[in-house]
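1. would you be able to build a 3D model of this:
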Amino acid sequence: MLDIAVIGAGFAGLHMLDQLRRYEFSCHAYESAIGVGGTWFWNRYPGARCDVESVDYAYLHDPELHETWQWSERFAAQPEILRYAEHFADRRGLLPHITFGTTVTGAAFEDGAWNLTTDTGERVRARFVVTAVGCMSAAHTPPIPGWERFGGTVLRTSRWPAEPVELAGRRVGVIGTGSSGIQVVPELAKEAAELVVFQRTANFSVPARNRPLTQQERNAAVARYEQQVHDARTTRFGHAVIGTGKAALETDPAERAVELDARWARGGTHIVATFTDTGRDLRANAVLADYFRDRVREQVHDPATARALTPTGYPIGTKRLCVDDGYYETFNLPHVRLVDLRADPIQELTRTGVRTIGGDHELDVLVLATGFDAFTGALTRLGITGRDGRALTEVWRDGPRSYLGLAMAGFPNLFTLTGPGSTMVLSNVLRAIEHHVEWVRDLLVHAREHELTEVEALEPFQDEWAARLAELASGTLYPRTDSYYLGANIEGKARVFAPFAGGLDAYRRICDAVAAEDYRGFRTA
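-> Take a look at the predicted model:
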């Protein structure tokens with residue numbers, strides 16, 4: 001029997017496995033892909049790129065790795081991020097301790113330990129289980145009639161083929177204009193004879209202004225390592241964000257424009273943190289949103305297309321801000337057109353394409369950029385049953401509940417890295433991963449030192465955490481928008497705001513206090 005089984009070999013699973021081995025636990029990881037990287041293994045679509053700057057989207061716990069690895073671009077593309085994960089796994093000697101091509105299909109807590117079953121027929125027994133399955137990994141396919149009829153090629157951004165896809169001279173359609181859709185559309189337009197983009201909701205997007213990093217910039221990143229470590233522990237997002245420290249509503253309009261223009265020219269998501277009040281005050285938020293809307297109208301030549309691409313009806317920042325490389329300008333090309341599904345909904349797929357109320361769109365290739373069953377989907381698909389055979393799917397029927405986003409009442413010896421109730425995508429996920437891994441590692445070491453056989457979150461503390469999550473969310477504008485933060489993109493899913501909205505710095509302090517108080521809120525035996 002293993003001490004600990006790890007599910008997943010993305011950035012969280014690799015770091016967890018490495019730490020467990022360093023502390024001499026018997027451990028092994030199971031990964032459904034044939035290689036490491038998690039999200040960055042599967043999401044290999046053209047244009048796939050991180051929206052956090054490369055020097056911040058990297059492990060900080062290993063100073064030597066930070067010093068020797070050099071990123072080539074400001075915003076790294078998928079192949080480079082995957083090479084980074086592979087380099088880390090190889091450097092740490094992790095590959096022999098991972099079983100690839102194996103999906104965990106069941107996890108049952110029985111007789112004081114976890115029994116895992118896999119799609120390959122393997123059975124694994126472990127005292128503890130740590131899930132590192134990612135919060136954006138369970139792909140969602142929309143319930144459109146006629147999937148079986150379409151005679152063309154269907155591709156998914158979340159499971160893009162490893163081999164090259166020939167699109168030259170072909171008619172291509174894209175359903176979805178979230179982050180993946182906004183990244184893939186400009187790349188597909190370079191090859192396709194025709195490109196049709198089916199948009200349900202217009203999203204706010206900021207230009208990346210991506211470029212190669214200079215050697216001077218790489219050296220500067222190494223030199224400020226200690227500052228990055230400090231920022232990881234003391235800032236809301238886990239990395240430095242350059243704001244004005246002023247409220248938009250208290251700033252002269254001319255000065256506001258100068259500050260926003262400077263950040264728009266620089267590129268990247270820092271623009272949403274320019275002012276202190278845009279995330280909680282609707283009037284201030286409208287100032288920022290109107291700025292973005294003006295930029296859309298400037299970039300898109302056709303007025304009707306510009307109107308359809310202009311986000312309205314929800315505050316900026318309450319959906320994940322997208323980062324693009326020429327997305328809006330793509331719609332100025334003669335072979336690219338937009339279908340606004342709010343005005344012209346999809347009825348069905350046909351043998352030759354997509355049928356909307358307005359007519360048929362003939363396609364050879366259909367690309368689904370339709371997002372994920374975020375935060376919970378990758379966990380509920382594991383077939384987890386806890387104490388007394390209670391299924392996680394049933395326990396979470398009315399929305400996810402956890403303690404700290406790391407553990408759940410009724411599921412002893414189970415820990416969820418970047419699980420619902422943690423900061424997840426509201427912070428730099430690499431910083432969240434490093435914090436979670438090291439916190440869980442310390443708890444496992446504590447359990448071993450004190451000869452504890454069971455560690456379980458207590459329900460009253462879980463209830464208190466749920467109330468805190470709701471209170472924090474209510475102080476923001478997030479609940480005003482139907483988004484995947486609330487599970488609104490999945491039909492029938494309970495509407496619960498899953499992330500901790502108080503910032504990674506505050507979250508760290510809370511978790512540290514729990515540990516310092518002999519892991520307050522956990523039952524141990």
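2. got the contact list for the most centrally placed residue in the chain?
-> By CA atoms, centre = their mean, the chain has its centre lying nearest to M136, at 4.5 Å. Residues in contact with M136, defined by CB atoms under 8 Å, 6 or more residues apart in numbering, are T39, F372, A374, V425. Backbone N, C-alpha and C define where each C-beta goes, glycine included.
3. buried set for stretch 198-209?
-> For stretch 198-209, the neighbour count (16 or more other CB atoms under 10 Å) marks F198, Q199, R200, T201, A202, N203, F204, S205, V206, P207, A208 as buried.
4. show me what contacts the closest residue in space to the second one that isn't next to it in sequence?
-> Distance criterion CB to CB, 6 or more residues apart in numbering; nearest residue to Q199, sequence neighbours excluded, is T177 at 4.5 Å. Residues in contact with T177, defined by CB under 8 Å, 6+ apart, are V185, V197, Q199, R200, T201, A202, N203, A369.
5. N285: which of those residues is nearest?
-> Of all the contacts of T177, N285 sits closest to N203, with 15.4 Å by CB to CB.
6. show me the contacts for the closest one.
-> Contact analysis of N203 by CB under 8 Å, 6+ apart lists T177, G178, S179, I182, P311, K319, C322.
7. so which of those are in strands?
-> Among the contacts of N203, the residues falling in strands (DSSP state E) are C322.
8. in the protein, where's the longest helix?
-> Secondary structure of the chain read by DSSP state H shows that its longest helix is helix 429-449.
9. partner strands of whatever helix or strand comes next after that helix, with direction?
-> The first helix or strand that comes after helix 429-449 along the chain, using DSSP states H and E, is strand 455-457. Applying DSSP bridges, strand 455-457 is found paired with strand 522-524 (antiparallel).
10. give me the residues contacting the partner strand.
-> By CB under 8 Å, 6+ apart, strand 522-524 touches Y403, A407, L443, A447, H450, L452, E454, V455, E456, A457, L458, F461.
11. now do the buried residues in the longest helix of the chain.
-> Going by neighbour count (16+ other CB under 10 Å), the buried part of helix 429-449 is 429-437, 439-441, 443-444, 446-447.
12. still on that earlier bit, in helices only, show me the contacts of T177.
-> Using DSSP H, the members of the contacts of T177 that fall in helices are V185.
13. just give the nearest non-adjacent residue to E122, would you?
-> E122 sits nearest to T102 (CB to CB, 6+ apart), 6.6 Å away.
14. re the thing from before, check the contacts of N203 and tell me the two furthest apart.
-> Of all pairs drawn from the contacts of N203, the greatest distance, 13.8 Å, lies between S179 and P311 (CB to CB).
15. quick one: which of the two has more around it?
-> For S179 versus P311, neighbours defined as other CB atoms under 10 Å are more numerous around S179 (24 against 17).
16. distance of that one from R351?
-> 31 Å (CB to CB, to the nearest Å).
17. next one: A29
-> In terms of CB to CB, A29 sits 43 Å off from R351.
18. circling back: looking at the contacts of N203, which is nearest L363?
-> Nearest to L363, judged by CB to CB, of the contacts of N203 is T177 at 16.7 Å.
19. and that closest one, what's its pLDDT?
-> T177 carries a pLDDT value of 97.
20. can you check the one 5 residues further on too?
-> What the model reports as pLDDT for I182 is 98.
21. pull the number of nearby residues for it.
-> By the criterion of other CB under 10 Å, I182 has 24 neighbours.
22. check contacts around it.
-> Here I182 is in contact with N203, S205, C322, D324, Y327 (CB under 8 Å, 6+ apart).
23. who's the second one bridged to?
-> With DSSP bridges applied, S205 shows beta-bridge pairing to C322.
24. now it: how far from Q183?
-> From S205 across to Q183, the span is 10 Å (CB to CB).
25. can you list residues touching both of those two?
-> Common neighbours of S205 and Q183 (criterion: CB under 8 Å, 6+ apart): C322, D324, Y327.
26. ok, the contacts of strand 522-524 vs Q70, which is closest?
-> Once CB to CB is applied, the member of these that ends up nearest Q70 is L443, at 34.7 Å.
27. thought that closest one was touching Y519?
-> Yes: using CB atoms under 8 Å, L443 is in contact with Y519, at 6.3 Å.
28. mutual contacts of the two, please.
-> In contact with both L443 and Y519: V455, using CB under 8 Å, 6+ apart.
29. hang on, the earlier thing: so for A29 and R351, which sits in the more crowded spot?
-> A29 (25 against 9).
30. verify the stated contact: that one with P96.
-> No: using CB under 8 Å, A29 is not in contact with P96; the gap is 10.6 Å.
31. direction included, what does the lengthiest strand in the chain pair against?
-> With secondary structure taken from DSSP E, the chain has its longest strand at strand 123-131. When sheet partners are counted by DSSP bridges, strand 123-131 sits next to strand 2-7 (parallel), strand 113-118 (antiparallel), strand 414-416 (parallel).
32. whatever helix or strand comes next after that strand pairs with which strands, parallel or anti?
-> Heading C-terminal from strand 123-131, the first helix or strand you meet, by DSSP H and E, is strand 153-156. Strand pairing for strand 153-156, using DSSP bridges, gives strand 365-368 (parallel).
33. and the helices in the stretch 201-350 of the chain?
-> Remark: helices assigned in the stretch 201-350 of the chain by DSSP state H, counting those that start in this stretch are 215-223, 225-234, 253-266, 282-299, 303-309, 327-330.
34. of all those helices, which one is nearest A467?
-> Closest approach to A467 among the helices of the stretch 201-350 of the chain (CB to CB): helix 282-299, 24.5 Å.
35. how far does the closest one sit from the chain's center?
-> 25 Å (CA atoms, centre = their mean, to the nearest Å).
36. stretch 441-448 now?
-> Offset of stretch 441-448 from its chain centre (CA atoms, centre = their mean): 27 Å.
37. same check, this time on stretch 353-360
-> From the chain centre to the centre of stretch 353-360 is a distance of 32 Å (CA atoms, centre = their mean).
38. picking that back up, helices or strands next to the longest helix of the chain in the packing?
-> strand 2-7, helix 11-22, strand 123-131, helix 504-516 (3 or more CB pairs under 8 Å, 6 or more residues apart in numbering; DSSP states H and E).
39. contacts only, for C322.
-> C322 is in contact with D51, G178, S179, I182, Q183, N203, F204, S205, V206, counting by CB under 8 Å, 6+ apart.
40. again, only this time at 7 Å
-> When contacts are counted by CB atoms under 7 Å, 6 or more residues apart in numbering, C322 touches G178, S179, I182, N203, F204, S205.
41. then P143?
-> P143 makes contacts with E491, as judged by CB under 7 Å, 6+ apart.
42. and it, how far from N489?
-> Note on P143: its distance to N489, by CB to CB, is 12 Å.
43. need the overlap of contacts for the two.
-> Counting by CB under 7 Å, 6+ apart, P143 and N489 have no contacts in common.
44. ok, back up a step: identify, from the buried residues of helix 429-449, the entry nearest to V165.
-> V165 has its nearest neighbour among the buried residues of helix 429-449 in V429, at 27.7 Å by CB to CB.
45. can I get the CA coordinates of the longest helix of the chain in PDB?
-> C-alpha atoms of helix 429-449 as PDB (Å, rounded to 0.1, in the frame of the first residue of the first chain):
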ATOM      1  CA  VAL A 429      -2.200  29.600 -10.400                       C
ATOM      2  CA  LEU A 430       1.500  28.600 -10.100                       C
ATOM      3  CA  ARG A 431       1.700  30.600  -6.900                       C
ATOM      4  CA  ALA A 432      -1.400  28.900  -5.600                       C
ATOM      5  CA  ILE A 433      -0.100  25.500  -6.600                       C
ATOM      6  CA  GLU A 434       3.200  26.000  -4.700                       C
ATOM      7  CA  HIS A 435       1.400  27.200  -1.600                       C
ATOM      8  CA  HIS A 436      -1.100  24.300  -1.700                       C
ATOM      9  CA  VAL A 437       1.500  21.600  -2.300                       C
ATOM     10  CA  GLU A 438       3.800  22.800   0.500                       C
ATOM     11  CA  TRP A 439       0.900  23.200   2.900                       C
ATOM     12  CA  VAL A 440      -0.500  19.700   2.200                       C
ATOM     13  CA  ARG A 441       3.100  18.300   2.400                       C
ATOM     14  CA  ASP A 442       3.500  19.800   5.900                       C
ATOM     15  CA  LEU A 443       0.200  18.400   7.000                       C
ATOM     16  CA  LEU A 444       1.200  14.900   5.700                       C
ATOM     17  CA  VAL A 445       4.500  15.200   7.500                       C
ATOM     18  CA  HIS A 446       2.600  16.200  10.700                       C
ATOM     19  CA  ALA A 447       0.300  13.200  10.400                       C
ATOM     20  CA  ARG A 448       3.300  10.900  10.000                       C
ATOM     21  CA  GLU A 449       5.200  12.400  12.900                       C
END
